[in-house]
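>>> Got a predicted structure here, sequence first:
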There are 2 protein chains.
Amino acid sequence: MKQSYNNGVEATLGVIGGKWKPQLLCHLGNRPQRTCDLRRELPAISQKVLTQQLRELESDGIINRHISGERAPFKVTYDLTDLGRSLGQILVQMSVWGEQRASQVPDMEIANDHGGFSNILTTN
Amino acid sequence: MKQSYNNGVEATLGVIGGKWKPQLLCHLGNRPQRTCDLRRELPAISQKVLTQQLRELESDGIINRHISGERAPFKVTYDLTDLGRSLGQILVQMSVWGEQRASQVPDMEIANDHGGFSNILTTN
DNA sequence: GGTAGTAGGTACTTTTTGGTAACCATTGAT
DNA sequence: ATCAATGGTTACCAAAAAGTACCTACTACC
């Protein structure tokens, strides 16, 4: 089915808009990661949702999935594609804007800054 | 209730992430608009959701609401706050990224480009 | 043989979000 | 007197997103 957006911003939100995607992208922005690494770094995400969001990012061409080993236990690694890396600037700016805002609004907090994207900033 | 985000990107998505917010922000980025103007420009949005999203943007400090007239029919005008204008760059970049992506993915289209944000680009 | 680690799937439920339809109050125009 | 325009509100419903719980399959360890 052909998906239709009203503007570019929506199209972009369709890619980075999931609840966990920003954090996943950040961790993958640092370095390639295995599934179990991501689960350790984001203990609150369930397997189902993790797999789901990784599959979506993969089918959107943002990350690559590499499997090594023919029989279980498999070693599955994810990393950013070039397209994924091209989101870096946007994510950094959103991160900065959001952090600045959170620091000014008393009723808002950034819990455990998994994914400040400052790391991406240094590597881009 | 204190709202908590895991990182700045989520905090930003909390503000611009609604289904109609990017479009509303774009139209308001052009010039101040009345409720009925917005409804004419976005015929698909329902009254309820329009009011809802405008209220959220307002309570997030992104837009201002001005009422003129004491008795109905009121004249209600919305415009961007400084904070709202500070989102301009991010929205433009997201717009550009999304449009570029849509032009490369055959199964994706930008329907009726309400809110390309190129206008914001020129005024910022 | 039991347990933990690895990567994932499926069924079901809950929460969040968006949409429909009907309503209020007021004014001005026909 | 009735209707359209203006700017909402409310109760109810539907769809989307996320979460829970349990399942597979294989290996290595003790």
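Ah, there it is. Numbers count the residues shown, from 1 in each chain, chains lettered A, B, ... in the order given.

>>> in chain A, which residue is closest to the centre?
The centroid of chain A falls nearest to A:L25 when counting by Cα atoms, centre = their mean (2.2 Å).

>>> What residues does that one make contact with?
Contact analysis of A:L25 by Cβ atoms under 8 Å, 6 or more residues apart in numbering or on different chains lists A:16, A:57, A:62-63, A:80, A:84, A:87, A:91, A:115. From N, CA and C alone the C-beta is placed, and that goes for glycine too.

>>> Would you mind giving the residues you listed as a markdown table with neighbour count and secondary structure added?
Putting the contacts of A:L25 into a markdown table (neighbours: other Cβ atoms under 10 Å in any protein chain shown; DSSP: H, G, I helix; E, B strand; the rest coil) gives the following:
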| residue | neighbour count | secondary structure |
| --- | --- | --- |
| A:I16 | 23 | helix |
| A:L57 | 25 | helix |
| A:I62 | 24 | coil |
| A:I63 | 24 | strand |
| A:L80 | 21 | strand |
| A:G84 | 23 | helix |
| A:L87 | 23 | coil |
| A:L91 | 25 | helix |
| A:G115 | 28 | coil |
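
>>> Give me the lowest-pLDDT entry from these.
Lowest pLDDT among the contacts of A:L25: A:G115, with 59.

>>> re earlier: with respect to chain B, which of the contacts of A:L25 is nearest?
Using Cβ to the nearest Cβ, A:G115 comes nearest to chain B of the contacts of A:L25, at 4.0 Å.

>>> And the residue nearest to the centre of chain A, how far from DNA strand C?
A:L25 is 16 Å from DNA strand C, where distance means Cβ to the nearest atom of the strand, to the nearest Å.
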